[in-house]
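J.: Build me a model:
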Amino acid sequence: MRVVVIGDVGVVGGMMHVGDEAMFDAMVEALRARGVERIVGISNAPAETADRYGIEAIGGLAFPGSREDLSIRSAAVLAAADGRATIAADDPALAVIEAVASADGVVVAGGGNLTSNWPHRIFERTILGTLAERFGTPLVVSGQTLGPRLDPVDRATVGALLRSARLVGVREHPSAGVAADLGVPTGRLAANRDDATFLGADEHEPADGAADLLLVSLSVHLGGLPRGATISGLARSIDALADRTGLEPAFHPHFGSLVPGTLAGDQVLHDAVRTELRSPSVVLPTGDPRSAARLARGAGMLVTSRYHPAVFAGPAGVPIAALPVDSYTGVKLRGATGWWAQDGVIDLATAWTPAGGDALARVWASRETVRASADRDRRAARAAMSAWFNRVAGEIAR
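T.: Got it, this is the predicted structure:
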């Protein structure tokens, strides 16, 4: 079998996004384990992705910025696919068209991009789904957050994409509600944990020494809060938590540079917070998804405004203080922690105030209950994720 998989992957300019790579990695691993011999990844950096995963890889559809440009580009790609028009011989869309036409299936790997926050991602996945439909290629959409912001045009577009899929997997119950409202039949809709929840869980024990770490992963996105005051306030809250727990703060960027000596993405914010700390702290390299998962699973506690640290830490029973900055990050972080009966979601707007230290400490105080809950639910959760990937592979092979 030959399956085309799209994810927001590919290290460009030395920048690694751990979460996006993790979901793609998990899907590649799951398909291989279920007999898919050839995987073609759609990537922002095809050569890098091909080397990283040992697969074939091609570039994306190269969508431009404005909505008008997106519409024009979409029409051009579809016209080329139908033979009604031609596009340049070096247009990356030609490789995508050919890959979908010759594939046994198309999979939209997990992500949080079916939202009006990023219309170009909606267009790209919609055109891919339309190509699959025109060529009679089975389509599966897996592990998605839907919305919560969907403008009317995007809502209609996402609805059409999802209704054309043989299976639709979402990673939060609110997203399942959106999918149902968009007309996805109940029998084709499943609400699961994130696709990367158990990525690499059978490969290694948690990272050595991680149990002594207060793992901190902060997104550079502060939701409009005042930067200086937020940085200082977070430092105070982390100091207070370090005093309470006896754990050493360790900053791990999930969107950062792989180039030694270069600070970019989350690393810039981490560096600013660390300069305000009175507690000793360490910086950990961004690394790769599997090493990031090991680290989160072994931590003593996690403080994060990034999503995937919470995804990785949850099944290990690590107490998670999740710091959303808006409705989008709130849906994701409540979803990731809620699967494991954790309720340590604290708005960033609270975490940096004088009340922040006590709020974080309450999460630490729940650690025994959190661990017991994860131990109770982990086996069933793994079985459910395996069953989902069985369905994905089964629909492609049907």
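J.: just for the stretch 201-350 of the chain, where's the confidence low?
T.: Applying pLDDT under 70 to the stretch 201-350 of the chain flags residues 204-205, 208.
J.: show me where it has strands.
T.: According to DSSP state E, counting those that start in this stretch, the stretch 201-350 of the chain carries its strands in the segments 213-217, 248-251, 255-257, 282-283, 301-304, 320-322.
J.: partners of the second one in the sheet?
T.: In the sheet, strand 248-251 lines up against strand 213-217 (parallel), strand 282-283 (parallel) (DSSP bridges).
J.: Name the residues of the first one that are buried.
T.: Of the residues in strand 213-217, L213, L214, L215, V216, S217 count as buried by neighbour count, 16 or more other C-beta atoms under 10 Å. Backbone N, C-alpha and C define where each C-beta goes, glycine included.
J.: can you put those residues in TSV and add distance to A47?
T.: What follows is the buried residues of strand 213-217, written out as TSV (distance: C-beta to C-beta, whole Å):
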residue	distance to A47
L213	35
L214	38
L215	32
V216	33
S217	28
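J.: tell me how far the helix or strand hosting E98 is from the chain's mean position?
T.: In the assignment (DSSP states H and E), E98 maps to helix 92-101. Counting by C-alpha atoms, centre = their mean, to the nearest Å, helix 92-101 is centred 25 Å from the centre of its parent chain.
J.: please renumber so the chain begins at 53
T.: Will do, 53 is the new start, and the previous item becomes helix 144-153.
J.: Against A263, how distant is E224?
T.: 29 Å (C-beta to C-beta, to the nearest Å).
J.: who has more neighbours, the two?
T.: Using other C-beta atoms under 10 Å as the criterion, E224 and A263 rank with E224 on top: 25 against 13.
J.: okay, now the nearest residue to the more buried one once chain neighbours are set aside: neighbour count?
T.: Spatial nearest neighbour of E224, excluding adjacent residues (C-beta to C-beta, 6 or more residues apart in numbering): G387 at 3.1 Å. Using other C-beta under 10 Å, G387 is surrounded by 22 other residues.
J.: mind listing what G387 touches?
T.: When contacts are counted by C-beta atoms under 8 Å, 6 or more residues apart in numbering, G387 touches T197, R223, E224, H225, P226, S227.
J.: in the stretch 53-202 of the chain, which spans are helices?
T.: 70-85, 98-105, 119-134, 144-153, 171-187 (DSSP state H, counting those that start in this stretch).
J.: same check, this time on the stretch 253-402 of the chain
T.: Using DSSP H, counting those that start in this stretch, helices in the stretch 253-402 of the chain cover 279-297, 318-328, 341-350, 360-365, 379-390, 400-403.
J.: between those helices, which one is nearest to D77?
T.: Among these, helix 341-350 comes nearest to D77, with 5.3 Å by C-beta to C-beta.
J.: Name the surrounding residues that touch that closest one.
T.: Counting by C-beta under 8 Å, 6+ apart, 70-71, 73-74, 77, 248, 251-253, 255-260, 262-263, 267, 304, 306, 336, 338-339, 354, 360-361, 364-365, 367-368, 370 sit against helix 341-350.
J.: and that helix with strand 265-269, angle?
T.: Relative orientation of helix 341-350 versus strand 265-269 (axes from the mean of the first three to the mean of the last three C-alpha atoms, to 10 degrees): 130 degrees.
J.: Would you mind listing the buried residues in the longest helix along the chain?
T.: Longest helix in the chain, counting residues (DSSP state H): helix 419-449. Buried positions in helix 419-449, judged by neighbour count with 16+ other C-beta under 10 Å: 422, 425-426, 429-430, 433-434, 436-437, 440-441, 443-445, 447-448.
J.: go on, stretch 326-340?
T.: Result for stretch 326-340 [16+ other C-beta under 10 Å]: buried residues R326, L329, S331, S333, L336, T338, G339, D340.
J.: what's the longest helix of the chain packed up against?
T.: helix 70-85, strand 157-160, strand 191-198, strand 219-222 (3 or more C-beta pairs under 8 Å, 6 or more residues apart in numbering; DSSP states H and E).
J.: Relative to D395, which of the ones you listed is closest?
T.: strand 191-198 (19.3 Å).
J.: Adjacent strands (with direction) for the closest one?
T.: Applying DSSP bridges, one finds strand 191-198 paired with strand 157-160 (parallel), strand 163-166 (parallel), strand 219-222 (parallel).
J.: show me the residues around the closest residue to L412 other than its chain neighbours that make contact.
T.: Closest residue to L412 apart from its sequence neighbours, by C-beta to C-beta, 6+ apart: L293 at 4.5 Å. For L293, the contacting residues are L266, L299, M353, V355, A373, G409, L412, A413, W416, by C-beta under 8 Å, 6+ apart.
J.: And for this structure, the residue most distant from the center?
T.: Here the chain reaches farthest from its C-alpha mean at R136, the gap being 36.7 Å by C-alpha atoms, centre = their mean.
J.: Export the strands paired with strand 300-303 as a markdown table, with columns for distance to P237.
T.: Below are these laid out as a markdown table (distance: least, C-beta to C-beta, whole Å):
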| stretch | distance to P237 |
| --- | --- |
| strand 265-269 | 37 |
| strand 334-335 | 48 |
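J.: residues contacting the nearest residue to A294 once chain neighbours are set aside?
T.: Excluding the flanking residues, the one nearest A294 by C-beta to C-beta, 6+ apart is S331, at 4.4 Å. By C-beta under 8 Å, 6+ apart, S331 lies in contact with I290, D291, A294, D295, E300, P301.
J.: Quick check: of those residues, which has the highest neighbour count?
T.: In the contacts of S331, the most neighbours by other C-beta under 10 Å go to I290, 29 neighbours.
J.: From what I see, A217 and G181 are in contact.
T.: Yes - in terms of C-beta atoms under 8 Å, A217 counts as a neighbour of G181; the distance is 6.9 Å.
J.: Mutual contacts of these two, please.
T.: Common contacts of A217 and G181 (C-beta under 8 Å, 6+ apart): V160, L191, V193.
J.: My guess is the first one contacts A184. True?
T.: By that I understand V160. No - using C-beta under 8 Å, V160 makes no contact with A184, being 9.6 Å away.
J.: distance of the closest residue to V444 other than its chain neighbours from W440?
T.: Nearest non-adjacent residue to V444, counting by C-beta to C-beta, 6+ apart: V192, 5.1 Å away. Using C-beta to C-beta, one obtains 10 Å as the distance from V192 to W440.
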